[in-house]
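Colleague: kindly generate the corresponding structure for this input.
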Amino acid sequence: MHTTSRSLTVGFDLDMTLIDSRPGIHACYRALSARTGTYIDCDLVVTRLGPPLQEELINWFPAERVAAVADLYREMYPAHAITGTLAMPGAREAVDAVRAAGGRAVVVTAKWEPNAKLHLEHLRIDADAVVGNLWAERKAEALREYGASVYVGDHTGDVRGARTADAYSVAVATGPCDAAELRAAGADVVLGDLTEFPAWLGGYRGAAEEAARA
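Modeller: Sure thing, here's the model as predicted:
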């Protein structure tokens with residue numbers, strides 16, 4: 001594992017970790033329902049954010065239409081979902097804590113990458129890199145590429161991604177998975193939300209530096 005501040009890279013999930021995208025996604029699905037004439041339970045959709053778009057759309061559209069509807073959703077997304085989305089409590093401070101420690105903050109998300117970048121730009125969350133279109137174990141591809149020693153997420157899929165990459169799994173109980181589910185999935189630590197992250201990071205770095213001196 002990378003343990004010094006010089007080599008510290010922390011990965012962050014996006015939806016329900018750094019951003020509360022429920023209002024924007026709800027609005028986009030409502031517009032998609034109107035556009036396609038297909039009923040979508042938007043209230044239900046926003047209770048299970050995290051997995052790829054296609055895994056949600058298959059609940060509402062025939063399999064042969066999912067790819068085309070996914071393209072339509074992504075096209076509509078900037079107009080409906082960006083301005084209604086909020087930063088999660090402590091999100092900016094968590095990213096800033098990594099950078100203040102001399103490290104890099106890399107966002108790794110299942111969301112389509114151009115829309116993920118729009119969210120971060122709008123909310124002024126200054127990540128060093130953004131990698132989209134990766135879910136669960138496949139998130140390890142980007143985590144390994146950037147040498148991330150820590151991955152922070154709200155879903156059991158994020159825990160699996162961290163474990164696959166041999167990164168320390170920091171889970172936040174701010175999404176669809178509660179603390180017990182996250183622990184059962186193998187999270188190394190579960191925080192209530194990102195407001196607890198800077199203090200945790202300080203302790204993690206201190207322990208790593210002490211171990212390196214031993």
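Colleague: where does this protein dip in pLDDT?
Modeller: Counting by pLDDT under 70, the chain has low-confidence residues at 1-6.
Colleague: which residues in it form helices?
Modeller: Listed in chain order, the helices of the chain (DSSP state H) span 22-36, 42-45, 53-57, 63-81, 91-100, 113-123, 139-145, 156-164, 179-184, 197-213.
Colleague: contact partners for residue 164?
Modeller: Each residue near residue 164 by C-beta atoms under 8 Å, 6 or more residues apart in numbering is listed here: 137, 139-140. Placement of C-beta: from N, CA and C, glycine included.
Colleague: follow-up on the earlier one: among the helices of the chain, which comes closest to residue 132?
Modeller: Among these, the nearest to residue 132 by C-beta to C-beta is helix 113-123 (2.8 Å).
Colleague: who are the packing partners of that closest one?
Modeller: helix 63-81, strand 129-131 (3 or more C-beta pairs under 8 Å, 6 or more residues apart in numbering; DSSP states H and E).
Colleague: turn the ones you listed into CSV, columns for mean neighbour count and distance to residue 12.
Modeller: Formatted as CSV, the helices and strands packed on helix 113-123 follow (neighbours: other C-beta atoms under 10 Å; distance: least, C-beta to C-beta, whole Å):
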stretch, mean neighbour count, distance to residue 12
helix 63-81, 16, 19
strand 129-131, 18, 10
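Colleague: will you turn the ones you listed into JSON lines that also has distance to residue 122?
Modeller: Below are the helices and strands packed on helix 113-123 laid out as JSON lines (distance: least, C-beta to C-beta, whole Å):
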{"stretch": "helix 63-81", "distance to residue 122": "10"}
{"stretch": "strand 129-131", "distance to residue 122": "13"}
